[in-house]
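Chemist: Provided below for reference: sequence and predicted model.
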Amino acid sequence: MSICAKSKIFVLVGSPGSGKGSFSEFCIKNFGWSQLSTGNLCRKHVSNNTEIGKHIDFVLKSGKLVSDNIIFDMVREWLIEQINLGKSILLDGFPRNLVQAEALNSLLNEEAFRNICLFVVKFVVSDDIVIDRLCGRLVCKNKNCQAIYSSAKGSLSRPKNDMICDKCLKELEVRADDNIETIKERLKVYHEHEASLLDFYTKKEKNIIELDASMPIKNIFCSFEEAINLMGLDS
Ligand code: AMP
(Lines give C-alpha, C1' and ligand atoms only; values in the text may rest on other atoms or scores of the structure.)
Protein backbone atom coordinates (compact mmCIF):
# COMPACT_ATOMS: atom_id res chain seq x y z
CA MET A 1 0.00 0.00 0.00
CA SER A 2 1.48 3.32 -1.07
CA ILE A 3 1.74 6.14 1.49
CA CYS A 4 0.96 8.53 -1.33
CA ALA A 5 -1.62 7.54 -3.90
CA LYS A 6 -1.56 11.09 -5.30
CA SER A 7 0.58 12.29 -8.21
CA LYS A 8 4.11 12.97 -7.10
CA ILE A 9 6.43 15.86 -7.79
CA PHE A 10 10.11 15.26 -7.08
CA VAL A 11 12.11 18.45 -6.64
CA LEU A 12 15.74 17.66 -7.49
CA VAL A 13 18.15 19.81 -5.49
CA GLY A 14 21.86 19.64 -6.29
CA SER A 15 24.69 21.58 -7.86
CA PRO A 16 25.19 21.73 -11.62
CA GLY A 17 26.77 18.41 -12.64
CA SER A 18 25.48 16.55 -9.58
CA GLY A 19 23.61 14.14 -11.88
CA LYS A 20 20.05 15.52 -11.79
CA GLY A 21 19.70 15.38 -15.59
CA SER A 22 21.10 11.84 -15.93
CA PHE A 23 18.97 10.73 -12.99
CA SER A 24 15.89 12.18 -14.72
CA GLU A 25 16.75 10.26 -17.91
CA PHE A 26 16.84 7.05 -15.84
CA CYS A 27 13.45 7.76 -14.22
CA ILE A 28 11.86 8.60 -17.57
CA LYS A 29 13.22 5.35 -19.07
CA ASN A 30 12.42 3.09 -16.12
CA PHE A 31 9.25 4.62 -14.65
CA GLY A 32 7.82 6.66 -17.55
CA TRP A 33 7.88 9.86 -15.48
CA SER A 34 7.95 13.39 -16.91
CA GLN A 35 10.82 15.81 -16.47
CA LEU A 36 10.85 19.56 -16.50
CA SER A 37 14.40 20.84 -16.87
CA THR A 38 14.31 24.63 -16.73
CA GLY A 39 17.87 24.68 -18.14
CA ASN A 40 16.75 22.61 -21.16
CA LEU A 41 13.76 24.92 -21.67
CA CYS A 42 16.02 27.98 -21.51
CA ARG A 43 18.44 26.48 -24.05
CA LYS A 44 15.54 25.62 -26.35
CA HIS A 45 14.40 29.25 -26.27
CA VAL A 46 17.94 30.40 -27.12
CA SER A 47 18.28 27.89 -29.94
CA ASN A 48 14.85 28.84 -31.38
CA ASN A 49 15.79 32.53 -31.08
CA THR A 50 12.48 33.38 -29.37
CA GLU A 51 11.98 36.75 -27.66
CA ILE A 52 12.75 35.07 -24.32
CA GLY A 53 15.74 33.32 -25.89
CA LYS A 54 17.24 36.63 -27.10
CA HIS A 55 16.78 38.06 -23.62
CA ILE A 56 18.38 35.18 -21.67
CA ASP A 57 21.20 34.06 -24.00
CA PHE A 58 23.76 36.27 -22.26
CA VAL A 59 22.56 35.22 -18.78
CA LEU A 60 23.02 31.53 -19.59
CA LYS A 61 26.52 32.14 -20.95
CA SER A 62 27.44 34.05 -17.78
CA GLY A 63 26.36 31.25 -15.43
CA LYS A 64 24.01 33.56 -13.52
CA LEU A 65 20.31 32.94 -12.93
CA VAL A 66 17.55 33.96 -15.33
CA SER A 67 14.95 36.21 -13.69
CA ASP A 68 12.47 34.44 -11.41
CA ASN A 69 9.45 35.77 -13.35
CA ILE A 70 10.58 34.37 -16.71
CA ILE A 71 11.39 30.99 -15.17
CA PHE A 72 8.23 30.77 -13.11
CA ASP A 73 5.99 31.56 -16.10
CA MET A 74 7.63 28.68 -18.02
CA VAL A 75 7.20 26.31 -15.07
CA ARG A 76 3.61 27.28 -14.39
CA GLU A 77 2.58 26.80 -18.04
CA TRP A 78 4.34 23.42 -18.23
CA LEU A 79 2.93 22.16 -14.90
CA ILE A 80 -0.64 23.16 -15.75
CA GLU A 81 -0.34 21.21 -19.03
CA GLN A 82 1.23 18.17 -17.36
CA ILE A 83 -0.71 17.82 -14.18
CA ASN A 84 -3.78 16.20 -15.70
CA LEU A 85 -1.66 13.46 -17.30
CA GLY A 86 -1.33 11.91 -13.84
CA LYS A 87 2.36 11.06 -14.25
CA SER A 88 4.97 11.64 -11.57
CA ILE A 89 7.03 14.73 -12.32
CA LEU A 90 10.71 15.52 -11.87
CA LEU A 91 11.61 19.18 -11.44
CA ASP A 92 15.24 19.44 -12.53
CA GLY A 93 16.81 22.83 -11.85
CA PHE A 94 13.70 24.42 -10.34
CA PRO A 95 13.24 25.84 -7.75
CA ARG A 96 16.74 27.26 -7.56
CA ASN A 97 16.24 29.86 -4.84
CA LEU A 98 13.88 30.70 -2.02
CA VAL A 99 11.69 33.03 -4.13
CA GLN A 100 11.09 30.22 -6.65
CA ALA A 101 10.42 27.67 -3.87
CA GLU A 102 7.81 29.97 -2.36
CA ALA A 103 6.22 30.59 -5.78
CA LEU A 104 6.04 26.83 -6.39
CA ASN A 105 4.52 26.34 -2.97
CA SER A 106 1.76 28.89 -3.72
CA LEU A 107 1.08 27.28 -7.09
CA LEU A 108 0.76 23.83 -5.52
CA ASN A 109 -1.78 25.24 -3.07
CA GLU A 110 -4.09 26.04 -6.00
CA GLU A 111 -7.11 23.81 -6.56
CA ALA A 112 -5.70 22.19 -9.74
CA PHE A 113 -2.77 20.80 -7.71
CA ARG A 114 -4.59 19.54 -4.63
CA ASN A 115 -3.77 15.91 -5.52
CA ILE A 116 -0.02 16.39 -5.40
CA CYS A 117 2.55 14.98 -2.99
CA LEU A 118 5.91 16.76 -3.01
CA PHE A 119 9.27 15.07 -2.39
CA VAL A 120 12.71 16.60 -2.31
CA VAL A 121 15.67 14.62 -3.67
CA LYS A 122 18.99 16.04 -2.55
CA PHE A 123 22.14 15.21 -4.58
CA VAL A 124 25.23 15.37 -2.37
CA VAL A 125 28.59 15.65 -4.16
CA SER A 126 31.78 17.72 -3.87
CA ASP A 127 32.58 20.61 -6.19
CA ASP A 128 35.82 18.90 -7.30
CA ILE A 129 33.93 15.87 -8.65
CA VAL A 130 31.37 18.11 -10.31
CA ILE A 131 34.07 20.22 -12.03
CA ASP A 132 35.70 17.04 -13.41
CA ARG A 133 32.33 15.77 -14.67
CA LEU A 134 31.27 19.02 -16.29
CA CYS A 135 34.62 19.44 -18.04
CA GLY A 136 34.01 16.06 -19.75
CA ARG A 137 30.27 16.46 -20.36
CA LEU A 138 28.76 16.19 -23.83
CA VAL A 139 25.12 16.90 -24.68
CA CYS A 140 22.99 16.25 -27.73
CA LYS A 141 22.68 19.32 -29.99
CA ASN A 142 19.04 18.44 -30.69
CA LYS A 143 17.18 20.70 -28.27
CA ASN A 144 14.24 18.28 -28.17
CA CYS A 145 16.65 15.59 -26.93
CA GLN A 146 19.55 17.15 -24.95
CA ALA A 147 20.66 13.67 -23.79
CA ILE A 148 23.73 13.75 -21.56
CA TYR A 149 27.02 11.85 -22.11
CA SER A 150 30.54 11.83 -20.77
CA SER A 151 33.72 11.90 -22.80
CA ALA A 152 35.74 10.53 -19.84
CA LYS A 153 37.69 7.33 -20.62
CA GLY A 154 36.01 4.26 -19.09
CA SER A 155 32.79 6.12 -18.28
CA LEU A 156 29.58 4.10 -18.70
CA SER A 157 28.00 7.25 -20.12
CA ARG A 158 30.27 7.48 -23.18
CA PRO A 159 28.33 7.58 -26.46
CA LYS A 160 28.52 4.35 -28.52
CA ASN A 161 29.76 6.33 -31.54
CA ASP A 162 32.12 9.25 -31.14
CA MET A 163 30.21 12.56 -30.79
CA ILE A 164 26.90 11.00 -31.93
CA CYS A 165 23.80 10.76 -29.72
CA ASP A 166 22.80 7.10 -29.08
CA LYS A 167 19.14 8.15 -28.87
CA CYS A 168 18.46 10.45 -31.84
CA LEU A 169 21.73 10.09 -33.83
CA LYS A 170 22.29 13.88 -33.91
CA GLU A 171 25.69 15.38 -33.15
CA LEU A 172 26.93 15.94 -29.59
CA GLU A 173 28.46 19.18 -28.36
CA VAL A 174 30.01 20.77 -25.29
CA ARG A 175 27.50 23.10 -23.61
CA ALA A 176 28.36 26.79 -23.97
CA ASP A 177 28.41 27.15 -20.16
CA ASP A 178 30.55 24.04 -19.51
CA ASN A 179 33.84 25.95 -19.43
CA ILE A 180 35.83 26.24 -16.22
CA GLU A 181 35.14 29.94 -15.66
CA THR A 182 31.35 29.60 -16.04
CA ILE A 183 31.27 26.30 -14.13
CA LYS A 184 32.87 28.08 -11.14
CA GLU A 185 30.32 30.92 -11.41
CA ARG A 186 27.42 28.43 -11.59
CA LEU A 187 28.72 26.62 -8.50
CA LYS A 188 29.08 29.92 -6.66
CA VAL A 189 25.49 30.87 -7.56
CA TYR A 190 24.27 27.40 -6.49
CA HIS A 191 25.98 27.62 -3.09
CA GLU A 192 24.61 31.13 -2.50
CA HIS A 193 21.06 29.71 -2.57
CA GLU A 194 21.53 26.10 -1.41
CA ALA A 195 21.20 26.66 2.35
CA SER A 196 18.04 28.80 2.20
CA LEU A 197 16.41 26.42 -0.28
CA LEU A 198 17.17 23.33 1.82
CA ASP A 199 16.18 25.14 4.99
CA PHE A 200 12.80 25.99 3.43
CA TYR A 201 12.18 22.34 2.51
CA THR A 202 13.57 20.88 5.74
CA LYS A 203 11.09 22.98 7.72
CA LYS A 204 8.16 22.22 5.41
CA GLU A 205 8.60 18.70 4.05
CA LYS A 206 9.13 15.38 5.75
CA ASN A 207 9.75 13.70 2.41
CA ILE A 208 13.44 14.38 1.81
CA ILE A 209 15.60 11.74 0.11
CA GLU A 210 19.36 12.25 0.26
CA LEU A 211 21.55 10.57 -2.38
CA ASP A 212 25.32 10.16 -2.57
CA ALA A 213 25.76 11.72 -5.99
CA SER A 214 29.49 11.02 -6.19
CA MET A 215 28.54 7.46 -7.25
CA PRO A 216 27.95 6.34 -10.85
CA ILE A 217 24.40 7.09 -12.03
CA LYS A 218 23.28 3.43 -11.80
CA ASN A 219 24.19 3.35 -8.09
CA ILE A 220 22.44 6.68 -7.46
CA PHE A 221 19.34 5.31 -9.13
CA CYS A 222 19.48 2.07 -7.03
CA SER A 223 19.75 4.12 -3.81
CA PHE A 224 16.76 6.16 -4.93
CA GLU A 225 14.71 3.02 -5.65
CA GLU A 226 15.62 1.66 -2.20
CA ALA A 227 14.55 4.95 -0.60
CA ILE A 228 11.17 5.08 -2.34
CA ASN A 229 10.55 1.40 -1.54
CA LEU A 230 11.35 2.07 2.12
CA MET A 231 8.91 4.99 2.07
CA GLY A 232 6.28 2.66 0.64
CA LEU A 233 5.95 4.69 -2.56
CA ASP A 234 4.83 3.28 -5.90
CA SER A 235 7.07 4.22 -8.79
P1 AMP B 1 21.02 23.90 -15.91
O2 AMP B 1 20.81 23.22 -17.23
O3 AMP B 1 20.03 23.50 -14.87
O4 AMP B 1 22.46 23.80 -15.44
O5 AMP B 1 20.73 25.46 -16.17
C6 AMP B 1 21.49 26.21 -17.11
C7 AMP B 1 21.24 27.69 -16.93
O8 AMP B 1 19.84 27.98 -17.16
C9 AMP B 1 21.51 28.22 -15.53
O10 AMP B 1 22.89 28.51 -15.33
C11 AMP B 1 20.63 29.48 -15.51
O12 AMP B 1 21.21 30.54 -16.26
C13 AMP B 1 19.39 29.01 -16.28
N14 AMP B 1 18.40 28.42 -15.34
C15 AMP B 1 17.97 27.12 -15.33
N16 AMP B 1 17.06 26.93 -14.36
C17 AMP B 1 16.91 28.12 -13.74
C18 AMP B 1 16.12 28.56 -12.64
N19 AMP B 1 15.30 27.74 -11.98
N20 AMP B 1 16.23 29.87 -12.28
C21 AMP B 1 17.02 30.73 -12.93
N22 AMP B 1 17.81 30.37 -13.97
C23 AMP B 1 17.76 29.08 -14.37
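Modeler: It's in.

Chemist: longest strand of the chain?
Modeler: Counting by DSSP state E, the longest strand found in the chain is strand 116-124.

Chemist: which parts of that strand are buried?
Modeler: 116-123 (16 or more other Cβ atoms under 10 Å). (C-beta placed from N, C-alpha, C; glycine too.)

Chemist: Throw those residues into a markdown table and include distance to the ligand and pLDDT, thanks.
Modeler: Supplementary listing: these in a markdown table, determined by distance: Cβ to the nearest ligand atom, whole Å; pLDDT from 0 to 100:
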| residue | distance to the ligand | pLDDT |
| --- | --- | --- |
| 116 | 19 | 89 |
| 117 | 21 | 91 |
| 118 | 16 | 94 |
| 119 | 18 | 95 |
| 120 | 15 | 97 |
| 121 | 15 | 98 |
| 122 | 16 | 98 |
| 123 | 12 | 98 |
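
Chemist: and this protein, which of its residues are near the ligand?
Modeler: Residues of the chain found near the ligand (Cβ under 6 Å from any ligand atom) are 16, 38-39, 42, 59-60, 63, 65-66, 71, 93-94, 96, 100, 177, 186.

Chemist: so of those, which ones are in strands?
Modeler: Going by DSSP E, the strands hold none of the residues of the chain next to the ligand.

Chemist: Which pair of those spans the longest distance?
Modeler: Distance extremes for the residues of the chain next to the ligand: the farthest pair is 100 and 177 at 19.2 Å, using Cβ to Cβ.

Chemist: And the pLDDT for the residue in the chain positioned nearest to the ligand?
Modeler: Nearest residue of the chain to the ligand, counting by Cβ to the nearest ligand atom: residue 39, 1.9 Å away. Predicted confidence (pLDDT) at residue 39: the value is 98.

Chemist: can you pull the contacts of the spatially closest residue to it that is not a sequence neighbour?
Modeler: With sequence-adjacent residues excluded and distances taken as Cβ to Cβ, 6 or more residues apart in numbering, residue 39 is closest to residue 93, at 4.8 Å. Contact analysis of residue 93 by Cβ atoms under 8 Å, 6 or more residues apart in numbering lists 12, 20, 37-39.

Chemist: now those in a markdown table, with neighbour count?
Modeler: Output for those, formatted as a markdown table (neighbours: other Cβ atoms under 10 Å):
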| residue | neighbour count |
| --- | --- |
| 12 | 25 |
| 20 | 24 |
| 37 | 19 |
| 38 | 22 |
| 39 | 19 |
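
Chemist: so what secondary structure elements neighbour the longest helix anywhere in the chain?
Modeler: Looking across the chain with DSSP state H, the single longest helix is helix 180-204. Identification of packing neighbours for helix 180-204 by 3 or more Cβ pairs under 8 Å, 6 or more residues apart in numbering; DSSP states H and E yields strand 7-13, helix 51-62, helix 98-108, helix 127-135.
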